[in-house]
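Engineer: Predicted coordinates and the sequence they were generated for:
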Amino acid sequence: MSHPTKRTACTTNTSSSSSNSNTSGGGGSHFSPMKKAKSQAVACSLDSKNGLQPQQQQQHVHFDNEDESLMNVEDDLKLDDTSDPSQMALGVGCSRTPTGVTANLSRKKATPPQPGKKLVIKFNKEDTWATLKSAIRAIFLKQPDPCDSEKLYQAVSDLCLHKMGGNLYQRIEKECETYISAALQSLVGQSQDLVVFLSLVEKCWQDLCDQMLMIRGIALYLDRTYVKQTPNVRSLWDMGLQLFRKHLSLSHEVEHKTVTGLLRMIERERLGEAVDRTLINHLLKMFSALGIYCESFEKPFLECTSEFYAAEGVKYMQQSDVPEYLKHVEMRLHEEHERCLLYLDASTRKPLIATAERQLLEHHISAILDKGFTMLMDGHRMEDLQRLYSLFSRVNALEPLRQALSSYIRKTGQGIVMDEEKDKDMVSSLLEFKASLDKTWEESFSKNEVFCNTIKDAFEHLINLRQNRPAELIAKFLDEKLRAGNKGTSEEELEGTLDKVLVLFRFIQGKDVFEAFYKKDLAKRLLLGKSASIDAEKSMISKLKTECGSQFTNKLEGMFKDIELSKEINESFKQSSQARTKLPSGIEMSVHVLTTGYWPTYPPMDVRLPHELNVYQDIFKEFYLSKYSGRRLMWHNSLGHCVLKAEFPKGRKELAVSLFQTVVLMLFNDAGKLSFQDIKDSTGVEDKELRRTLQSLACGKVRVLQKVPKGRDVEDDDSFLFNEGFTAPLYRLKVNAIQMKETVEENTSTTERVFQDRQYQVDAAIVRIMKTRKVLSHTLLITELFQQLKFPIKPADLKKRIESLIDREYLERDKSNPQIYNYLA
């Protein structure tokens with residue numbers, strides 16, 4: 001741009017007013033200051049958008065002819081009155097002497113404006129572009145540029161103000177493309193070492209970023225005006241990225257080598273080698289910035305990941321056990337998560353983790369469970385089981401795990417329940433097994449409700465594999481725990497045991513079998529005074545009542561009432577006149593008066609009691625019937641027990657024995673030796689019971705009698721003598737009865753009574769249903785019976801009971817359809 005020579009003088013005042021006038025009225029017009037000129041004369045043409053008429057609002061600066069000759073002006077660049085109002089013409093008016101300024105001003109004021117030439121200085125856009133091009137070239141070649149950034153910014157601004165923004169943008173784009181293309185082309189055929197090659201790519205990218213930032217800094221005015229105002233035109237930064245992306249895709253070798261190098265580096269890292277994570281990070285950010293991350297890198301990366309872990313999964317499953325494999329999978333998933341945080345794009349995390357989970361877990365679920373689940377459960381490997389559950393939940397594979405748990409419980413439990421040789425330990429083994437499963441459920445399976453239900457279902461299945469036997473053994477187990485003699489067991493521990501046994505009780509289908517055996521054992525504990533704690537007994541009754549209702553425990557509670565009532569009766573008897581006047585001396589007797597409906601049924605056993613005991617029974621009977629008229633007393637001698645005082649040559653002892661043992665021992669007060677037949681005739685005890693009684697006295701641990709000849713079994717021709725040489729460290733001794741055979745018989749009779757009770761319940765249910773429905777088909781009747789009956793029963797047994805009721809004329813078959821039953825009122 002031409003500037004006035006130093007010898008010219010400027011019309012300062014006129015130029016200033018002219019400039020200010022146009023600036024205030026021009027709204028958005030902008031005038032760039034010109035260096036080395038003390039002032040400017042400006043002629044502006046403003047359009048009607050600013051509220052001014054183009055012809056009228058223009059102010060003109062006139063020059064003398066000789067001054068005009070000093071200016072480098074071309075007539076073909078003049079702006080006529082119809083010029084674009086956004087164009088700006090700059091002119092400088094000069095005079096050789098200061099007085100010329102005053103003369104011109106006074107002449108302007110005095111005379112109206114005369115027609116004259118409107119002259120502006122030409123703006124040389126080529127020179128301006130040449131300056132900018134030189135600067136861009138210097139930036140790409142990393143050379144110093146003599147022109148400072150302020151001048152370059154001003155040059156861009158001038159070109160934009162002259163409506164040359166579009167042309168400038170295209171020229172910058174063309175210039176950038178030349179150098180970007182050359183830079184990427186220079187990478188072709190570079191180092192075969194992929195790490196070195198990746199470093200070169202990273203340097204090329206970093207250089208581009210730095211260069212585009214510098215160019216954008218120079219041409220910021222272009223970004224803020226032309227780019228912002230023109231649709232579908234990228235910013236200079238985005239234009240640079242687009243050019244880099246374009247030429248990178250054209251240079252297939254560079255792109256392919258870059259992606260391959262990245263994949264190789266990540267694979268090396270997975271194999272345990274150290275790699276330059278920063279380099280990977282920068283290059284992947286380059287892919288993201290270019291918008292080609294997903295297509296160019298992520299897709300092949302996920303394919304390579306899938307292949308890598310597919311091979312590794314098969315290899316590790318063959319070489320390692322399940323706990324080690326699970327730890328390896330957990331470590332790999334953690335590594336991939338860390339990889340996403342360190343250099344992969346955030347969008348890759350989900351597909352990457354899913355790929356690793358699919359290859360390492362989903363494809364090996366069956367193998368993991370078959371190979372290691374039983375081992376983990378048997379070994380109580382809580383941490384490993386928790387890891388298994390956590391990993392399987394990630395791939396929605398909890399259902400196979402649940403099925404494996406169910407199969408394990410059924411298989412292991414079957415070994416416990418079906419082994420008849422270990423019946424004695426069945427309940428304790430089941431309790432241990434259940435406690436182990438509960439602990440596993442809490443610590444390893446996150447208290448998952450579905451798994452809890454699976455444990456319950458599997459336990460209910462296995463505990464009912466043997467019909468009735470587990471129910472009987474649970475009752476026996478409770479009898480053992482509630483019986484006196486459990487040393488070292490606190491009340492809290494006993495209460496905890498009862499709660500655990502109650503869990504098993506819930507799984508039993510034949511609860512009536514349990515009730516029958518529990519009632520029989522409870523009766524013995526109460527009658528023999530062998531209960532460890534009445535509070536514990538009542539607590540158990542309360543728990544059963546909560547589980548099964550008051551009808552289930554009604555008889556059990558009645559037994560406790562009988563015991564308490566018997567104490568009151570005995571106290572009343574001792575204070576009665578009959579007791580004080582008629583009882584033989586030296587004998588104390590306590591009687592339990594039992595209500596027949598509450599207690600188990602006991603077979604009557606005859607025995608010839610000693611005279612003293614017969615007298616006592618008769619006096620008590622007289623007292624009781626006088627107090628409770630209309631009742632009938634039946635003595636159950638088999639349940640009686642006594643304490644005998646025995647005089648041995650080596651000391652006095654007290655013997656706790658049954659009533660049958662007492663009757664036998666008291667015979668030896670009058671005889672030193674008795675044969676088996678003599679004892680049988682004198683006592684009247686049934687043969688089998690007598691043999692067991694004599695065996696307990698002469699062949700057990702406490703041998704109060706001597707058997708001749710010696711032997712374990714009692715024969716018909718055996719004789720028995722009072723053992724004068726008997727000695728024992730304790731003063732009071734318990735002579736246990738031999739009850740093994742008796743127990744088998746009792747169990748059989750108890751089971752038979754349960755089945756008999758079940759028949760009555762089935763009959764009652766059938767009549768109840770038919771009375772309500774009047775007419776019902778066989779299928780519907782069977783269905784309703786299964787819903788109402790609380791114990792397991794076969795359809796064939798139900799059919800027998802229906803036939804029995806038809807024979808007894810409670811029901812009849814329909815004449816037209818034998819599958820339909822009619823109720824007979």
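Structural biologist: Good, I have the coordinates.
Engineer: partner residues bridging residue 733?
Structural biologist: Note on residue 733: beta-bridge partners by DSSP bridges are residue 655.
Engineer: Can you tell me how far it is from residue 268?
Structural biologist: In this view, residue 733 and residue 268 are 84 Å apart by CB to CB, to the nearest Å. All C-beta spots, glycine's among them, are computed from the backbone N, C-alpha and C.
Engineer: Now name the helix or strand holding the residue nearest to residue 691 when sequence neighbours are not counted.
Structural biologist: Nearest residue to residue 691, sequence neighbours excluded (CB to CB, 6 or more residues apart in numbering): residue 714, at 4.5 Å. Using DSSP states H and E, residue 714 falls within no helix or strand.
Engineer: wait, residue 714 sits on residue 693?
Structural biologist: No - assessed by CB atoms under 8 Å, residue 714 is found out of contact with residue 693, at 9.0 Å.
Engineer: what about these two, which has more around it?
Structural biologist: residue 693 (26 against 20; other CB atoms under 10 Å).
Engineer: My guess is that one contacts residue 685. True?
Structural biologist: Yes - the pair residue 693 / residue 685 is scored as a contact, 6.8 Å apart, by CB under 8 Å.
Engineer: intersection of neighbour lists for those two?
Structural biologist: Contact criterion CB atoms under 8 Å, 6 or more residues apart in numbering; residues shared by residue 693 and residue 685: 660, 664.
Engineer: Compare residue 733 and residue 268 (neighbour count), which wins?
Structural biologist: The residue with more neighbours, out of residue 733 and residue 268, is residue 733; 17 against 13, by other CB under 10 Å.
Engineer: The more buried one contacts residue 656, doesn't it?
Structural biologist: Yes - the pair residue 733 / residue 656 is scored as a contact, 6.9 Å apart, by CB under 8 Å.
Engineer: And residue 789, how far from residue 461?
Structural biologist: 19 Å.
Engineer: burial count for residue 395?
Structural biologist: Counted with other CB under 10 Å, residue 395 comes out at 15.
Engineer: Strands of the chain, start to end?
Structural biologist: 9-10, 41-43, 89-91, 94-95, 641-648, 651-658, 673-675, 705-708, 719-722, 732-734, 775-777, 811-813, 820-823 (DSSP state E).
Engineer: tell me the mean pLDDT over the second one?
Structural biologist: For strand 41-43, mean pLDDT rounds to 33.
Engineer: I'd like to know which of the strands of the chain is closest to residue 194.
Structural biologist: strand 89-91 (58.9 Å; CB to CB).
Engineer: Which stretches in the stretch 201-350 of the chain count as helices?
Structural biologist: 220-222, 228-229, 236-250, 252-270, 277-290, 299-319, 322-342, 349-360 (DSSP state H, counting those that start in this stretch).
Engineer: Report the buried residues of the fourth one.
Structural biologist: Translated: helix 252-270. 254-255, 257-259, 261-263, 265-266, 269-270 (16 or more other CB atoms under 10 Å).
Engineer: Next, the angle helix 322-342 makes with it.
Structural biologist: Inter-element angle recorded for helix 252-270 and helix 322-342: 140 degrees (by axes from the mean of the first three to the mean of the last three CA atoms, to 10 degrees).
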